[in-house]
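> Model the following, please.
(chains A and B)
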Amino acid sequence: MTQRRWSRGSIGPAGGSSARRILAGAVVAALGMLASGCGRQYVLLHPVGPVGHSELRLMLLAGGAMAVVILFVCVLLAIAAVRFRDRQGRRAPYVPDWHQSRILESIWFIIPVLIVAIIAVPTVRQTYALAQVPQARKPLVVDVTSLSWKWFFEYPSAHVATVNHLVLPVGKPVLFELTADSAMNTFWVPQLGGMEYTMPGEVLPLWLQADHTGVYWGHSSNFSGLQFEKMFFSVKVVSASGFSSWVRQTRRSDPALTAAAYRRLRAFGTTGTATYSGYPSGSFPKVTHRFTLTGGQYVPAVRGYGQMQMGMAGSGGTMPAGRP
Amino acid sequence: MTAPAFVPYLLHTLFPPNTHRPTEIGADVMMGLGMGYLVYWLTRHRKWGWLWRDWLTTVDHKKIGTMYLIAAILMLFRGGVDALMMRVNLAMPHAPFIGPEEYNEVFTTHGVIMIFFMAMPFIFALFNAVIPLMIGARDVAFPRLNAVSFWLFAFAAALFNLAFVVGGAPNVGWTAYPPLTELHFNPGVGTNYLLVSLLISGIGTTITGINFLVTVLRMRAPGMTLMRMPMFAWAALNTSVLILFAFPPLTVALLMTLLDRLAHTAFFTLSHGGMPMMYVNLFWLFGHPEVYIVALPAYGVFSEVVPTFSGKRLFGYTSMVVSMAAIMVLSYGVWAHHFFTMGAGAAVNAFFGISTMLIAIPTGVKIFNWIFTMWGGRIRFTTAMLYVMGFIPTFTIGGATGMFLATVPADYQVHNSYFLVAHFHNVLIGGTVFGLLAGMYYWWPKMFGYRLDERQGKLAFWLFLIGFWITFGPQYLLGFKGMPRRMWTYPAGHGWHLLNVISTAGAFVMGAGFLVLVYNVLWSMRHGERDASGDPWNGRTLEWSLPSPAPEYNFARIPTVSSLDAWWAMKQTGQGRGRGAAALRLRPQDIHAIELPRNTGYPFFLGAAFFVLGFGLVFSWWVIALLGLAGVWAALAYAWFDHDQHKHMRADEIRRIEASMGRLPA
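Take a look at the predicted model:
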């Protein structure tokens, strides 16, 4: 929209009216798209958990501050373009040697400083806040492994596993421990909150929480090869009792994942969803659980790369062979 | 291996299935026809000797600049076709025009070509075409190295473009993150092409950085202190420093990846304890300064275009210089913002979030200074100036979405989504491409002696600007709808379809803009208004004091500079009673003999030898690689022993040339 304000005044001598019509059409189209921004499909604007909400609040703050800046710059540019255009009968003064002003230059040094400060302070606060699972609540731990090209989820507390779908209890923080047995991916459920990379030989934590039951979708956001676009997974959020009955049901009726079946799963290719009442021990790097016990920071000081490597090597040498 | 068994192996290695898809064959045929016509034309008009003497062996910065420009526009075409293929594929869910193998190749080559083989040579085209003229020099500091830079770039670009004809194109994304680049995940030679051609062109780029750093620091006309330099020269200086320190990490990262693939080392190879995240660090240690390597020259162009077409001195020159230097320094301290979501921890993320936001401050200063240069001026809306008018709002929005991405928790949501794609195209097209096109329209008369038609130029501008927003506006919204980047197709049901259709339509509008641009150049070659004065825009800097195009030696007499905007000052004061030639008041006795660099063929052969070396490395055919390496040493040895590097132009010859251009009484 700001685009239009400026262009009205500054359309060049050539091709004015047709360009203006095209521009008007574009503005109408843009407005239409913005209006449809209220639609539920704008998943980032409709978070269902505290992480997504605090990320959205920051987006709105940054977006609002930036909208003010954009509007200001465009209006100023439009005024300059209209007033000082070289044309017949122009009234504005021509001052070819006016080239500096301490006051003006200080003003537009201070404006960006203030805006940066307005955005930076809450950014830092939220960056630290979101790096920790809320202290008072014991999170559900889910171990996530991205494979080429599917997702493998383990629930260590219940000792059940799923492929390409998650079942989560409502209103409880979930600590995802992310790794990859493939090229890098990112684990992203837009409606719950932001993403984090899954990296082979690394385990990264990400906590999310869903405050409403429902079915949401997730996807990898980092290109990882041929069938990367198939890496969708569903996230079904159920009540606490629904979750425990799902676990009971799974343990009773679904088969366990064998080591051989895991090897087949990690081969290149895609697959549908699956649920297992057990999984081979060691399919997720053990060493990583240390950071969940100490709690808090995404990467605790005690766990350096070297230690990680030792952990991987300890669990059986090379990365692919380290898995069952 | 017997001969008959060897042949199918060779054919399969050279022409795997992904080199004979219909689109590839089509491109092969077009390229073959184009080259065939070129050979026919050169033979028919007996131009081979001219091609060799005047172009392939030239060390004249102006001609090298022209060759860079031609290469950049060709690559803009190729990268643009890649972009259109992607957009066609994404116009419909489940209705692919090209499959995933091809899509992955196309988005990879689109990125590599646009950054390394379009933006970089376009920048060097402008540097070569005008920096020596602006600072009152007869050539760059190292003219032969300048030719070496060009030919390394040209042969590297040829090698990279050879990939889809022979061996198969890379398909790992322009960032080429391991472990996806490991042989286990990525067999075939495509990735080798990417690594080797970027290594070769990287040598050329580094040399260019050194060359322009020394040129700007050491070759300025008497009286032109640093603070009397045109802003574009400042841009060249800052860019050169960035290149000098940003390309080594890239070279290291690419070389290590290449060794992992060819020599089975384990720098990034996980199964032997390598660490992929080290690559990511090294890559972006280069990658973020690279963003400013392509942005600062555009800032430089705008800082020349705005004063000229506002008829007014640049507002806040000192703060422009300081802010550009600040951006240069800050750009080394922000690289981790490309991977906030790789678990570096809150402290690291907060640091890099803030350092990124700080860049908004000097950039904001520049934007306001440009606007206030117009304030109180007399603005002429030429094509070059229209690009500035398009740039300021577009780039401000791009910068704003950059602030958005620097807000760490927000980045967790939009990283690697279409929001990111929209953002970096917003700054790279709205900033770099608009800047380079503005520079092209602005300096075209100086480079070639005639103007580009303004009506056609303005049409191309509007198509680019409007097409840009139709393409990338919807992509921001796709980010909010959670669409990840680099998907070759997508399912229905996420509401991604309509926005993608609009985006594709916009891409075609931009494509039409490109066609108008090319038509504009071809039309103007024949019908463009000749520039007899040498100063068609009533310019302010020294290049406009010269005839268009400038003679081989640039300045018959090196001018003495006593203020900023030296040419403008000359025109205002007693030195110049009017525009154009009269202002210089050249007298026959001022003209002396000039020493000029002599043409040489070794840079061309050096480039060709690197091409052979690279080709051998790509296929791990060591004999060919060693032959290429021998060629490299041979070319360097020739250069070492070639002491006959200069030629002299006699004073009477120069007087004759100047008189023929009406600069001297005959």
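
> of all the residues in the stretch 151-300 of chain A, which ones are close to chain B?
Taking Cβ under 8 Å from any Cβ of the partner chain as the test, the list of the stretch 151-300 of chain A residues beside chain B reads A:182-184, A:186, A:188, A:190, A:193-197, A:199-202, A:204-205, A:217, A:219-229, A:232, A:297-299. Just so you know, the C-beta spots here come from the backbone N, C-alpha and C atoms, and that holds for glycine as well.

> Among those residues, name the buried ones.
When burial is judged by neighbour count using 16 or more other Cβ atoms under 10 Å in any protein chain shown, the buried members of these are A:182-184, A:186, A:188, A:190, A:193-197, A:199-202, A:204-205, A:217, A:219-226, A:228-229, A:232, A:297-299.

> Going C-terminal from the helix or strand containing B:N426, what's the next secondary structure element?
Counting by DSSP states H and E, the element that carries B:N426 is helix B:418-427. Stepping forward along the backbone from helix B:418-427, the first helix or strand reached (DSSP H and E) is helix B:434-448.

> quick one: the strands in chain A?
A:140-147, A:150-155, A:160-163, A:165-169, A:174-180, A:185-189, A:193-198, A:204-208, A:214-220, A:232-238, A:274-276 (DSSP state E).

> Would you reformat these as a markdown table and include mean pLDDT and distance to B:D411?
Below are the strands of chain A laid out as a markdown table (pLDDT from 0 to 100; distance: least, Cβ to Cβ, whole Å):
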| stretch | mean pLDDT | distance to B:D411 |
| --- | --- | --- |
| strand A:140-147 | 94 | 20 |
| strand A:150-155 | 96 | 22 |
| strand A:160-163 | 96 | 29 |
| strand A:165-169 | 97 | 23 |
| strand A:174-180 | 91 | 17 |
| strand A:185-189 | 96 | 12 |
| strand A:193-198 | 94 | 7 |
| strand A:204-208 | 91 | 14 |
| strand A:214-220 | 96 | 17 |
| strand A:232-238 | 97 | 21 |
| strand A:274-276 | 96 | 33 |
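
> mind putting those strands in CSV, distance to B:P445 included?
Converted to CSV, these look like this (distance: least, Cβ to Cβ, whole Å):
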stretch, distance to B:P445
strand A:140-147, 56
strand A:150-155, 59
strand A:160-163, 65
strand A:165-169, 63
strand A:174-180, 55
strand A:185-189, 49
strand A:193-198, 50
strand A:204-208, 56
strand A:214-220, 51
strand A:232-238, 55
strand A:274-276, 68
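
> out of those strands, which comes closest to B:M510?
Ranking those by proximity to B:M510 (Cβ to Cβ) places strand A:214-220 first, at 28.1 Å.

> which other residues reach that closest one?
Strand A:214-220 is contacted from outside by A:43, A:48, A:146, A:149, A:151, A:166, A:185-192, A:198, A:210, A:228, A:231-237, B:482, B:484, B:494, using Cβ atoms under 8 Å, 6 or more residues apart in numbering or on different chains.

> Of those, select the buried ones using a ChimeraX command.
Buried residues within the contacts of strand A:214-220, as defined by 16+ other Cβ under 10 Å, are selected in ChimeraX through the command that follows:
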select /A:43,48,146,149,151,166,185,186,187,188,189,190,191,192,198,210,228,231,232,233,235,236,237 /B:482,484,494
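
> Nearest spatial neighbour of the closest residue to chain A within the stretch 451-600 of chain B, chain-adjacent residues omitted?
With Cβ to the nearest Cβ as the measure, the residue in the stretch 451-600 of chain B that lies nearest chain A is B:G495; the distance is 3.4 Å. Nearest residue to B:G495 in three dimensions, chain neighbours excluded: A:Q41, at 3.4 Å (Cβ to Cβ, 6 or more residues apart in numbering or on different chains).

> can you check A:T271 too?
A:K150 (5.2 Å).

> Next, B:A344: secondary structure please.
Secondary structure, DSSP: H, G, I helix; E, B strand; the rest coil: B:A344 is coil.

> And the helix or strand containing B:L629, what's buried?
Under the criterion of DSSP H and E, B:L629 resides in helix B:622-641. Going by neighbour count (16+ other Cβ under 10 Å), the buried part of helix B:622-641 is B:I624, B:A625, B:L627, B:G628, B:L629, B:G631, B:V632, B:A635, B:A639.
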